[in-house]
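*Asks:* pasting the structure only:
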């Protein structure tokens, strides 16, 4: 059980590593995907709002600590995104890949909106210009493209594989 | 009761996190031990990706892009010949300048007097909102916060934070960096260059309305921001616009450095601003 939690936290660690290296060479319109967010959304879809919030907070905090600026910004935005996705998924079938893709699409937009609101509430030095909004659109496309192949693997692994946390929670 | 506890715990965590965002929104003198450990943990992985990319890109380029490489070699050979000639002229002028400066006891601000430490870029910012890169040299190599970072083509940025084996470089394209700048053609025209969060453009602001600024003017560091030595190329003026108040001009500047293809940089490890240098010399010789 402990090993499975370690694996769940290795995913965002790996995501930050890939975003800072490999994806830098394959950016779309200069924008990178947010794989950490993709994993937070998947986790929330499968494990629900409460676990998704906590997982989102810790994954966001990892990203913040690596970046070293505005520490807590990603932690809050990803926690709230995890909460929203977890709340919304209740009425859908999780095994459908389309749900994973739609959840990532919704999560990307929700996360960007939360970041925008938080930046206004918490500090003023962070600037948002046209490039920021264009970046969101590119990131949206990138995340959705990644979600399609990743969700199938993640769902299966969460149900019967290495990422399964408990027998009862996953349908 | 439990739900109540969870609710208040959530509120407390939220407030602490807001405070943390506020505290870390501006640059800190030092990063925490956890951040240093995290970066150092990533460093070997990131270095290996860079090495693998170099290893695989070599043969692939040779076999798949031979024609393109030949063209590139021809172009580079032409450029080397042109630069050789330019170098000869510049060496002559530099020697002449040194003689003249010695005559008037002028302070030498040439770049060749600085010690440079070469470093490789092993990672880039993992998100779209911060313009930073990670280099493979850190505190153990003598790298310190605020050291200027350059390439032979021009200014790259400055060291933002340092861990034992890596350092984060804040690029000049980041909105948080402001650089005192001047035009190479007319040193009297000064302004501030800042990033526009786009990798390809910078903005020079606070230029007096009467200043003579034209497209293709070369923008260089003025030395006024105290972090960067004067005379380093920043970019070339692309477009000049009048600010709404009519008193100031601003200009979009195309950086001389291509940030998308940046692989190696040079860190100036011993730059001391001119007035600090005078204070240090004064202290060393016991002058007031």
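*Replies:* Arrived safely, thanks for sending. All figures in this text were calculated on a predicted structure; none of them were measured in a lab.

*Asks:* Which strand or helix spans the spatially most central residue of chain B?
*Replies:* Centroid check for chain B by Cα atoms, centre = their mean gives residue B:157 as the closest residue, at 1.5 Å. Residue B:157 is part of strand B:154-162 when elements are defined by DSSP states H and E.

*Asks:* With residue B:205 instead?
*Replies:* Using DSSP H and E, residue B:205 sits within strand B:201-208.

*Asks:* Quick one: residues in contact with the helix or strand that that strand is followed by.
*Replies:* From strand B:201-208 onward toward the C-terminus, using DSSP H and E, the following helix or strand is strand B:218-221. Contact with strand B:218-221 is made by B:155, B:179-185, B:193, B:204, B:228-237, B:251, B:253, as judged by Cβ atoms under 8 Å, 6 or more residues apart in numbering or on different chains. In this view, the C-beta of every residue, glycine as well, is placed from N, C-alpha and C.

*Asks:* hmm, try it at 6 Å
*Replies:* Defining contact as Cβ atoms under 6 Å, 6 or more residues apart in numbering or on different chains, one finds that strand B:218-221 is touched by B:181, B:184, B:228, B:230, B:231, B:232, B:233, B:234, B:235, B:236, B:253.

*Asks:* before we move on, what about stretch A:36-51?
*Replies:* With contact meaning Cβ under 6 Å, 6+ apart, stretch A:36-51 is reached by A:11-12, A:15, A:52, A:55-56, A:59, A:63, A:78, A:82-83, A:85-87, A:89, A:94, A:103-104, A:107, A:111, A:143, A:146-147, A:154, A:158.

*Asks:* before we move on, the earlier item: what's the angle from the strand holding residue B:157 to strand B:201-208?
*Replies:* 100 degrees (axes from the mean of the first three to the mean of the last three Cα atoms, to 10 degrees).

*Asks:* Compute the distance from the centre of strand B:154-162 to the centre of its chain.
*Replies:* Strand B:154-162 sits 4 Å away from the centroid of its parent chain (Cα atoms, centre = their mean, to the nearest Å).

*Asks:* In terms of helix, strand or coil, where does residue A:69 fall?
*Replies:* In three-state terms, and counting by DSSP: H, G, I helix; E, B strand; the rest coil, residue A:69 is coil.

*Asks:* For chain A, just list every one of the helices.
*Replies:* Here chain A has its helices, by DSSP state H, at A:2-20, A:22-25, A:35-47, A:49-67, A:73-89, A:97-122, A:130-160.

*Asks:* Figure out which of the ones you listed is closest to residue B:27.
*Replies:* helix A:49-67 (12.5 Å; Cβ to Cβ).

*Asks:* what inclination does that closest one have with respect to helix A:35-47?
*Replies:* 170 degrees.

*Asks:* List the buried residues in helix A:49-67.
*Replies:* Within helix A:49-67, the residues that count as buried by 16 or more other Cβ atoms under 10 Å in any protein chain shown are A:49, A:51-67.

*Asks:* Stretch B:203-214 too?
*Replies:* For stretch B:203-214, the neighbour count (16+ other Cβ under 10 Å) marks B:203, B:204, B:206, B:207, B:211, B:213 as buried.

*Asks:* Do that stretch and chain A come into contact?
*Replies:* No: Stretch B:203-214 is not in contact with chain A by Cβ under 6 Å from any Cβ of the partner chain; minimum separation 10.7 Å.

*Asks:* how distant is that stretch from the center of its chain?
*Replies:* How far stretch B:203-214 lies from its chain's middle: 22 Å, per Cα atoms, centre = their mean.

*Asks:* Can I get the buried residues of stretch B:203-214 in TSV including pLDDT?
*Replies:* Listed next are the buried residues of stretch B:203-214 as TSV, based on pLDDT from 0 to 100:
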residue	pLDDT
B:203	89
B:204	91
B:206	88
B:207	89
B:211	84
B:213	87
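
*Asks:* of all those, which two lie farthest apart?
*Replies:* Pairwise distances across these (Cβ to Cβ) peak at 15.3 Å, for the pair B:203 and B:211.

*Asks:* What is the burial count for residue 15?
*Replies:* No chain in the question, so chain A it is. Around residue A:15 there are 24 other residues, counting by other Cβ atoms under 10 Å in any protein chain shown.

*Asks:* Correction: the question concerned chain B.
*Replies:* For residue B:15, the number of neighbouring residues by other Cβ under 10 Å comes to 10.

*Asks:* is it true that it lies in a strand?
*Replies:* No: Residue B:15 is assigned helix when assessed by three-state DSSP, not a strand.

*Asks:* Throw the buried residues of stretch B:203-214 into CSV and include distance to residue B:116, thanks.
*Replies:* Shown next, in CSV, are the buried residues of stretch B:203-214 (distance: Cβ to Cβ, whole Å):
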residue, distance to residue B:116
B:203, 28
B:204, 26
B:206, 30
B:207, 31
B:211, 32
B:213, 31
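
*Asks:* and which of these is nearest residue B:189?
*Replies:* If you rank those by distance to residue B:189 using Cβ to Cβ, residue B:211 comes first, at 4.2 Å.

*Asks:* Help me confirm that that closest one comes into contact with residue B:189.
*Replies:* Yes: using Cβ atoms under 6 Å, residue B:211 makes contact with residue B:189 at a distance of 4.2 Å.

*Asks:* For residue B:7, give its distance to residue B:14.
*Replies:* Taking Cβ to Cβ, to the nearest Å as the measure, residue B:7 falls 11 Å from residue B:14.

*Asks:* okay, these two: which has more neighbours?
*Replies:* Ranked by neighbour count (other Cβ under 10 Å), residue B:7 and residue B:14 place residue B:14 first, with 16 against 10.

*Asks:* what does the domain assignment say about chain B?
*Replies:* Following automatic domain parsing, one finds the domains of chain B at B:65-104, B:178-261.

*Asks:* what distance separates the last one from the centre of its chain?
*Replies:* Centroid separation for domain B:178-261 versus its chain: 14 Å, with Cα atoms, centre = their mean.

*Asks:* Next: the shortest one.
*Replies:* Here domain B:65-104 shows a centroid-to-chain-centroid distance of 23 Å under the convention Cα atoms, centre = their mean.

*Asks:* Low-confidence stretches in the stretch 101-250 of chain B?
*Replies:* Scanning the stretch 101-250 of chain B for pLDDT under 70 picks out B:102-112, B:197-199.

*Asks:* run the last query once more with 50
*Replies:* B:106-108 (pLDDT under 50).

*Asks:* How are the strands of it distributed by residue range?
*Replies:* With strands called from DSSP state E, counting those that start in this stretch, the stretch 101-250 of chain B shows them at B:116-124, B:132-135, B:148-151, B:154-162, B:167-171, B:178-183, B:190-198, B:201-208, B:218-221, B:233-242, B:248-255.
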